[in-house]
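J.: give me a 3D structure for the following:
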Amino acid sequence: MAVSILITGGAGFVGSAIIDAVQEKHPQWKVSVLDLQMLSHPRNNVHYERGDITLPADIERIVHLVRPTAIIHSAGFIPELASRYNRKARNRAFSVNVEGTRNVLTIAKSAGVEVLVWTGSCTAVTDDTAAEALVLAANDEKFATCALRPSVIFGPGDGQLIPSLYSCIMKGETPYILGSGLNLWDVTYVTNVADAHVLAVENLLSSRTAAGEAIFISNEQPIPFRDFCLAVWREFGHYPPFQVHIPRSIAAFAGVVADWMSWLTGIQTTLSNGSVNDACATRYCSGTKAREVLGYVPKVGLEEGIKRSCEEYRRRCKFGEKHDILEQ
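T.: Numbers count the residues shown, from 1 in each chain. The predicted structure follows:
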């Protein structure tokens, strides 16, 4: 069976990893990309088109050009952490993540696309801007859809998690422990997320046991948030010189005050009510459905993933990022 895959957001962090995973496992599949940005060094044997998922005409153009068998819809707007916490980017997030997804689904169905895999998030269970309900409702006998819910994604090219944790070193914030420091978190290495997407496409093109399903994806290694931070900082040769435990109630109050100060001054601080909630929350999930339905097994473990991610970020900073990397 000749398979043509269209990957929205294929020039981004996760999308690029998905392309690599597809080409490694199915080199015969035809791969196309729709993205707002174009890569300076595009992947070989991949057709790239510039386009915006909030504009139906852009989607229609590439869908009718490449006639995809399946779409991996990984395009989305992820606000910077500060913007996400203070909701400044809410309208943009809704336009791209919800209305953009609606556009992709509508056009895919009308064009006879067989399969769509949506890159969602574990926050779909609480986030009112999630498009997951649209994706799952679109599933039918002719158009198989599923939603993947990866936990926080990190890896080479990560623009949020590793850089944010590294910035804590530069700001002298590493000694402070919000809450107990024992709350478990799930994270997912980016190539594991990419592998899950390939498995989902394979499933929907064959047995379809994943059709209409929302599936959590993680490294299946829950870790206390504090321990994850310490592991990242160690890769940069940093060890907190002392430790100060701040009870969650006090941290939450300080976060609210920081939010008000940011609103008044226009200067965003690292501390916020949202960052306190994230640092103190327990967020991990079961990998049972991913294993049983998709056959998903994370190939890159947490320790190796942290090492690879920090090595890449060190190189990135050396060649032009704003932070000075500490010598180990």
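J.: let me see the ranges of the strands in the chain.
T.: For the chain, the strands defined by DSSP state E occupy 4-8, 30-35, 46-50, 70-73, 115-119, 144-150, 152-154, 176-178, 184-185, 187-189, 214-217, 223-224, 244-246.
J.: please convert those strands to TSV, extending it with distance to E99 and mean neighbour count.
T.: C-beta coordinates here come from the backbone N, C-alpha and C atoms, glycine included. TSV is the format used below for the strands of the chain (distance: least, Cβ to Cβ, whole Å; neighbours: other Cβ atoms under 10 Å):
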stretch	distance to E99	mean neighbour count
strand 4-8	14	26
strand 30-35	16	24
strand 46-50	19	17
strand 70-73	13	27
strand 115-119	14	28
strand 144-150	17	26
strand 152-154	23	23
strand 176-178	35	20
strand 184-185	31	18
strand 187-189	27	26
strand 214-217	20	25
strand 223-224	36	16
strand 244-246	40	13
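J.: T123 and P150 touch, don't they?
T.: No: with contact defined as Cβ atoms under 8 Å, T123 and P150 do not form a contacting pair (10.1 Å).
J.: flag the shaky bits of the stretch 101-250 of the chain, pLDDT-wise.
T.: Counting by pLDDT under 70, the stretch 101-250 of the chain shows low-confidence ranges at 126-129.
J.: let's see it at 50
T.: For the stretch 101-250 of the chain, no stretch has pLDDT under 50.
J.: thinking again about what came up before, got the strands of the chain as a markdown table, with distance to F94 columns?
T.: Output for the strands of the chain, formatted as a markdown table (distance: least, Cβ to Cβ, whole Å):
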| stretch | distance to F94 |
| --- | --- |
| strand 4-8 | 17 |
| strand 30-35 | 20 |
| strand 46-50 | 23 |
| strand 70-73 | 16 |
| strand 115-119 | 16 |
| strand 144-150 | 17 |
| strand 152-154 | 21 |
| strand 176-178 | 29 |
| strand 184-185 | 26 |
| strand 187-189 | 25 |
| strand 214-217 | 20 |
| strand 223-224 | 32 |
| strand 244-246 | 34 |
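J.: for A252, which of those strands is the nearest?
T.: strand 176-178 (8.9 Å; Cβ to Cβ).
J.: for that closest one, give me every contacting residue.
T.: R226, Q243, V244, H245, I246, R248, A251, V276, A279, C280 (Cβ atoms under 8 Å, 6 or more residues apart in numbering).
J.: check stretch 287-307 too.
T.: 154-155, 187-189, 191-192, 195-196, 199-200, 203, 209-210, 213, 215-221, 223, 228, 231-232, 235, 308.
J.: I'd like the average pLDDT over that stretch.
T.: Averaged across stretch 287-307, pLDDT comes to 98.
J.: burial count for the nearest residue to S95 once chain neighbours are set aside?
T.: Nearest residue to S95, sequence neighbours excluded (Cβ to Cβ, 6 or more residues apart in numbering): T54, at 5.6 Å. For T54, the neighbour count with other Cβ atoms under 10 Å is 18.
J.: circling back: in helices, which of the contacts of stretch 287-307 fall?
T.: In helices, judged by DSSP state H, the following of the contacts of stretch 287-307 are found: T191, N192, D195, A196, L199, A200, N203, F228, A231, V232, E235, R308.
J.: in CSV: these, plus distance to A137 and neighbour count.
T.: Formatted as CSV, these follow (distance: Cβ to Cβ, whole Å; neighbours: other Cβ atoms under 10 Å):
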residue, distance to A137, neighbour count
T191, 30, 21
N192, 28, 25
D195, 27, 23
A196, 22, 28
L199, 23, 23
A200, 18, 31
N203, 19, 22
F228, 35, 22
A231, 40, 16
V232, 38, 23
E235, 43, 20
R308, 38, 18
